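Student: missing the sequence, but the structure's below:
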């Protein structure tokens, strides 16, 4: 255990200030995330240093396409989540809790050893992923600080449900904010994710970019009958353009029937292509299709000259024609952070 950050006492209860749930936790109880516990008037982070999943991954797998394309990141995850999405592909770890007899194994990885492991695996960065990393903030903070000192970049693969106070705590140490925007209404967020509102997700993505200068990429997993209507898709696309900029990548990905939504069909390719059209019509230059093979659907194409600046075949880079973040053919800005530009 590790004493948690960002909390206040309210009588016998503790109010957690990390995410917008703002849980008021009774003695012996835990927050919605399942990993922050009130023990004798102190809030403890139960999963500090406890890892359920670890791998050396292409950064494209996150997916992150415009930050150091072609590099490898050491991906770390634990257990627990601040949401309870009915279609979660990693539900075994996101719904697991410390001490649960559910078959999820947790191993201790001291924060000081992460940089060494990353170097041994020839990784240029570390990604906090698999489960929700915000609820792991104490460990994320210590690891990210060590990464900065060692010259490694850092990636948060997150649902974005964090307070401004929480974001500002890690802001100086995180390079990439890869955020899920699952819908564009509070009603759908309550139904799909058991979270009150989409607003904090949007506001903190903007804060990550504007205040902390993070590279931001957005993912929307498109679920038939849930968030595939044109108003939703146009709303997300227009928000990205207005708040994050026209060069911000938007990944529209295919839903696979699962858990509470196993009765729904997989997302038709035609829906993904329509989402791409909507994104382009809203002024976004880079809308990528994911979880499905569409010719050119993951290529970075220069919006000025039409040249393929980055060609992708799955997680493999097949072509790289980028110079200091711009198209090598015509010099147009692509919003790509490469090693020359970093």
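Tutor: Nice, thanks for sending it over. Since the structure is predicted, the reported quantities are computational estimates derived from the model, not experimental observations.
Student: As a check, name the ranges of all helices in this structure.
Tutor: 91-94, 111-120, 137-150, 164-170, 186-193, 199-210, 230-239, 269-281 (DSSP state H).
Student: Show me what the longest one packs onto, helices and strands only.
Tutor: Secondary structure elements in contact with helix 137-150, counted by 3 or more Cβ pairs under 8 Å, 6 or more residues apart in numbering; DSSP states H and E, are strand 42-45, helix 111-120, strand 125-128, strand 153-158, helix 164-170. For glycine as for every other residue, the C-beta is placed from the backbone atoms N, C-alpha and C.
Student: repeat that for 10 Å
Tutor: Packed against helix 137-150 by the contact rule (3 or more Cβ pairs under 10 Å, 6 or more residues apart in numbering; DSSP states H and E) you find strand 2-3, strand 42-45, strand 72-77, helix 111-120, strand 125-128, strand 153-158, helix 164-170.
Student: what's the distance between the spatially most central residue of the chain and residue 222?
Tutor: Centroid check for the chain by Cα atoms, centre = their mean gives residue 157 as the closest residue, at 2.4 Å. Distance of residue 157 to residue 222, given as Cβ to Cβ, to the nearest Å: 18 Å.
Student: Spatially nearest residue to the residue nearest to the centre of the chain (excluding sequence neighbours)?
Tutor: Of all residues not flanking residue 157 in the chain, residue 129 sits nearest, at 3.8 Å (Cβ to Cβ, 6 or more residues apart in numbering).
Student: Might one say that the one you found is in contact with residue 156?
Tutor: Yes: at 8.1 Å, residue 129 and residue 156 qualify as touching, with contact defined as Cβ atoms under 10 Å.
Student: what is in contact with the two at once?
Tutor: 62, 178 (Cβ atoms under 10 Å, 6 or more residues apart in numbering).
Student: Between the two, which has more neighbouring residues?
Tutor: A count of neighbours by other Cβ atoms under 10 Å puts residue 156 above the other of residue 129 and residue 156, at 25 against 22.
Student: Now do the contacts for the more buried one.
Tutor: Here residue 156 is in contact with 62, 127-129, 132-134, 140, 144, 162, 167, 170, 174-179, 208, 214 (criterion: Cβ under 10 Å, 6+ apart).
Student: Equivalent analysis for residue 214, please.
Tutor: If you count contacts by Cβ under 10 Å, 6+ apart, residue 214 has them with 67, 154-156, 167, 170-171, 174-179, 205, 207-208.
Student: Check what pLDDT the nearest residue to residue 34 once chain neighbours are set aside gets.
Tutor: In this structure, residue 34 finds its nearest non-sequential neighbour in residue 97, 4.2 Å apart by Cβ to Cβ, 6+ apart. Looking at residue 97, its pLDDT reads 95.
Student: do you know which of the helices and strands packed on helix 137-150 lies nearest residue 314?
Tutor: In terms of Cβ to Cβ, the element of these nearest to residue 314 is strand 72-77, at 14.6 Å.
Student: any idea how far the closest one is from the chain center?
Tutor: 13 Å (Cα atoms, centre = their mean, to the nearest Å).
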